[in-house]
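# Next one to model:
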Amino acid sequence: MEATIPFYPFIVVPIGAAIFLFWRRARWHMAILRSGRPLDRFDRVPERIKALGIFVFGQKRLLQDLGPGLTHAFVFWGFIVLLATTGNYLTNGLVEAIVGWPIGSFFWSAIVLFANVFVALVLASVIYYVIRRTVTRPARLALTRDAFVILGLIFSIVLTEWIGDAFAYVVEPESPSRMWAVMAGPLSLALEGIGPEAAAIGFGVTGWAHIALVLGFGAYLPYSKHLHIISSEPNVYFRNLEPRGALRKMDLEAEPEEGEELPVFGAKGLKDLTWRHLADGLACTECGRCMEFCPASMTGKVLSPKHLMEGLRDQMAAAETALAAAASAQRAWKGGAKGGAAASEDALQLARGRAEEALSLPLMDNAIPEEAVWQCTTCGWCVEGCPVLIEHVDTIVEIRRNAVLEESKFPKELNAAFRNMENAGNPWGQPKSSRLDWAKGLDVPVLGQTDALAPPSAGVQPWRTIHATAPTGDPLAGRILFWIGCAGAFDDRNRKVVRAMAQLLRQADVSFAVLGARETCTGDPARRAGNEYLYQMLAEENVATLSAAHAEHGISTIVATCPHCFNTIRNEYPQFGLTGVQVIHHTQLLDRLVADGRLVPSAHHEAVVAYHDACYLGRYNEVYDEGRRVVESVPGQSVVEMDLHHRKGMCCGAGGARMWMEEREGTRINHKRVEQALEKSPDEIATACPFCLIMLRDGTTDLSRTDVAVRDVAELLADATGAWQRDVGAPAADPADLPAERAS
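Numbering: from 1, shown residues only. The predicted structure follows:
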């Protein structure tokens, strides 16, 4: 007796129905994607395929949270393995026959073994997820009917396969795969008492139930958030392979073709986003990992990256409804024109107009509240945490661009920052003539004004790749430009940092120069705030200056103490033609100089130091450990990690031009971050970013914890090497530049 699906030819009916229901909704998803702006993500195929292996099949980001990550991986891998056995049901045993044809039953038995193992793992994982959603209930997870429908379908699909296989083994007790079926085999022993005839009926019932559930599951996907089962793969494949710290360059001088509408700057409606960023809304799993460590979400702000994606998807769904209505009106109008059911042309135009309105409906205040748009610090945690590689920050910046460039709608505090960057070349509004005030008494060489850039002294070893994040090439082999940045030039606290760095370079006998008054703001705050016009104006000026420095003075390395300047020059200025120079952060250079013995931290300093990762240094540019090594090179100093560190490090609250905006809602982000540091009872807090330094210092002051000093890595090293006190051809350092214990 053989286990077969009764009335099998009728399977064409449910298959046809499932395909129709899937296509009925999926085609409107595709229509929305086609309405988006073009974006070329079809290059670098090997890297994209590799990403599929890492993030989809390897489940890399999900496995960082071991409990839910591992159970999700079991379900995902289980579905891949069960494709073979489920396919066997859908083909009434054809898969088993094909697999078993070349080498007998062994290969199929191996498949059955793995399938049975994953049957157990998937069932256990679904039970775990039900408990997690109903009992433990993490704040990032919503209790939705859709989630339980999908969990119920998954459980039922696997359960019917398990029971159906057990019935099949009762019908065919001599089947070679029975001994390998570690789940269905034992169950079949318990069912043997019903006899082969009853088992054949049971197999037929469970087989049809399994087929119906599988087809129903597939047909339901386009109507569910679990569309990510098939949309996450293309989302990962078409990921951004450019440097994460580089935003898309806008063509501000684009002219419309004849008959086309005027170009829209940024993203006002759905059709102004690229197709890949529209696809983000379809790929979102609503897992909430993006908001778990989002500084705005953590501190009670309106902004939630998860809610942005949900809002985007809801707006897409409304647009799909409008497109479907327009298509129906089109068919009705054509039918009337051919003598069928009459439909007026006015009704057709009305439907088309509504579809266009749906695609043009503003994203701001529909997909995302206006205040939430400006609460983003662009720290990149949402992008880092998302398992399907959604690009939340790009979407928010595109919305900001439209608000600034077309609507002149932005927080009033940004007016002063924009005006100062445009007129004075820095957000502080200080005159360019004061850009060298930080260097008083240090005799710092200015490029083109002094002959200070001698070739490196004989005996200097070429760059050796000490660490994976070390820059390409030897930064000491060529001529070095020290980029001061606006904070280093104009903020009193950060002037001490660049003074420390300059004296450390002198102490290490590193020749360098600065631009002085020719340096201007990199434009990072303008670009992140959406003012692309102002950013490009500043960028073009700086690129011209830096290109001339490279061509005329042989500058091959730029060293920056500000991660925002570092990121902008390194990752975004190549969009405007900057070539021939490598850009490094001062922690990378200091780490090199300490490793080479050119800086020797000899002074003992007993201190536990909490290290804060700057977002634009760490998450955006993968520079994490260099600063820590420099801190720990000082005798007596040790680094204590905050609970959120490295890739999970929390933002200080100043990024995304938030430095220049008021924080009116919820807990202040810098207070939250300082509290996290103080939980570790440190003696000092170290960072490597001028904005982080300001925010963390303000946090310790506001929380009445000024006993915990906030220092830059360069300052801590200068303390230990004696660079502060070294004669640099000028009067002794101002006492204000010395640490408190040395100034006294």
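
# Make sure residue 707 is indeed in a helix.
No. Counting by DSSP: H, G, I helix; E, B strand; the rest coil, residue 707 is not part of a helix but coil.

# what separates it from residue 687, distance-wise?
18 Å (Cβ to Cβ, to the nearest Å). Every residue, glycine included, has its C-beta placed from N, CA and C.

# Double-check residue 573 against residue 546; I have them as touching.
Yes. At 7.3 Å, residue 573 counts as touching residue 546 under the criterion of Cβ atoms under 8 Å.

# shaky segments in the stretch 251-400 of the chain?
259, 333, 335-345, 348 (pLDDT under 70).

# For residue 595, what are phi and psi?
Torsion angles at residue 595 (phi, psi; degrees, to the nearest 10) stand at phi -60, psi -30.

# Of residue 707 and residue 687, which one has the most company?
More crowded of residue 707 and residue 687, by other Cβ atoms under 10 Å: residue 687, with 28 against 8.

# which residue sits closest to that one, ignoring its sequence neighbours?
Computed as Cβ to Cβ, 6 or more residues apart in numbering, the closest residue to residue 687 that is not its neighbour in sequence is residue 612, at 4.3 Å.

# what's the burial count for the one you found?
28.

# Now do the same contact list for it.
Residues in contact with residue 612, defined by Cβ atoms under 8 Å, 6 or more residues apart in numbering, are 642, 649, 652, 673, 677, 685-687, 692, 696.

# ok, so of the residues you listed, who is nearest residue 160?
residue 649 (46.1 Å; Cβ to Cβ).

# Go ahead and confirm that closest one touches residue 615.
Yes. If you go by Cβ under 8 Å, residue 649 and residue 615 touch, sitting 7.1 Å apart.

# Those two - which one has more neighbours?
residue 615 (29 against 25).

# Please determine how far the more buried one is located from residue 244.
11 Å.

# Need the overlap of contacts for those two.
residue 380.

# re earlier: got CSV for the contacts of residue 612, with pLDDT and distance to residue 528 too?
Shown next, in CSV, are those (pLDDT from 0 to 100; distance: Cβ to Cβ, whole Å):
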residue, pLDDT, distance to residue 528
642, 96, 24
649, 95, 18
652, 96, 14
673, 97, 19
677, 97, 25
685, 97, 24
686, 97, 25
687, 97, 19
692, 97, 15
696, 97, 20
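
# Show me where the chain has its strands.
479-483, 512-513, 555-560, 582-585, 607-611, 637-640, 684-687, 709-712 (DSSP state E).

# most packed of those strands?
strand 684-687 (a mean of 26; mean count of other Cβ atoms under 10 Å).

# and for that one, what are the contacting residues?
607-612, 614, 627, 631, 639, 652, 674, 677, 693, 696, 700, 708-713, 716.

# redo that, cut-off 7 Å
607, 609-612, 614, 631, 677, 693, 696, 708-713, 716 (Cβ atoms under 7 Å, 6 or more residues apart in numbering).

# how about low-confidence regions in the chain?
Using pLDDT under 70, the chain drops low at 259, 333, 335-345, 348, 450-473, 725-744.

# Residue ranges of each domain in it, please.
Using automatic domain parsing, the domain ranges for the chain come out as 8-237, 270-405, 415-743.

# need the contact list for the closest residue to residue 380 other than its chain neighbours.
Nearest non-adjacent residue to residue 380, counting by Cβ to Cβ, 6+ apart: residue 619, 4.5 Å away. Shown in contact with residue 619 (Cβ under 7 Å, 6+ apart): 380, 384, 647.

# mind listing which of the residues you listed are in helices?
Among the contacts of residue 619, the residues falling in helices (DSSP state H) are residue 384.

# so which of the contacts of residue 619 comes closest to residue 517?
Nearest member of the contacts of residue 619 to residue 517, counting by Cβ to Cβ, is residue 380, at 33.0 Å.

# Make sure that closest one is actually in contact with residue 616.
No. Using Cβ atoms under 7 Å, residue 380 and residue 616 do not qualify as a contacting pair, with a distance of 8.2 Å.

# ok, the two, which is more surrounded?
Counted by other Cβ under 10 Å, residue 380 and residue 616 do not tie: residue 616 has more neighbours, with 30 against 22.

# Quick check: that one touching residue 567?
Yes. With contact defined as Cβ under 7 Å, residue 616 counts as touching residue 567 (4.6 Å).

# shared neighbours, those two?
residue 245.

# show me what contacts the residue sitting nearest the centre point of the chain?
In the chain, the centroid-proximal residue (Cα atoms, centre = their mean) is residue 383; its distance is 1.6 Å. Contact analysis of residue 383 by Cβ under 7 Å, 6+ apart lists 391-393.

# What about those residues, which are in helices?
Filtering the contacts of residue 383 for helices - DSSP H - leaves 392-393.

# quick one: which of the contacts of residue 383 is nearest to residue 491?
Using Cβ to Cβ, those come closest to residue 491 at residue 393, 25.7 Å.

# and that closest one, how far is that from residue 225?
22 Å.

# Tell me where the stretch 101-250 of the chain has helices.
Taking DSSP state H, counting those that start in this stretch as the criterion, the stretch 101-250 of the chain carries its helices at 106-131, 145-171, 184-191, 195-220, 228-237.

# Include mean neighbour count and distance to residue 21 when you put those helices into TSV, please.
Listed next are these as TSV, based on neighbours: other Cβ atoms under 10 Å; distance: least, Cβ to Cβ, whole Å:
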stretch	mean neighbour count	distance to residue 21
helix 106-131	19	24
helix 145-171	21	14
helix 184-191	17	30
helix 195-220	19	4
helix 228-237	19	15
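
# could those helices be laid out in a markdown table, adding distance to residue 557?
Below are those laid out as a markdown table (distance: least, Cβ to Cβ, whole Å):
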| stretch | distance to residue 557 |
| --- | --- |
| helix 106-131 | 51 |
| helix 145-171 | 52 |
| helix 184-191 | 65 |
| helix 195-220 | 56 |
| helix 228-237 | 35 |
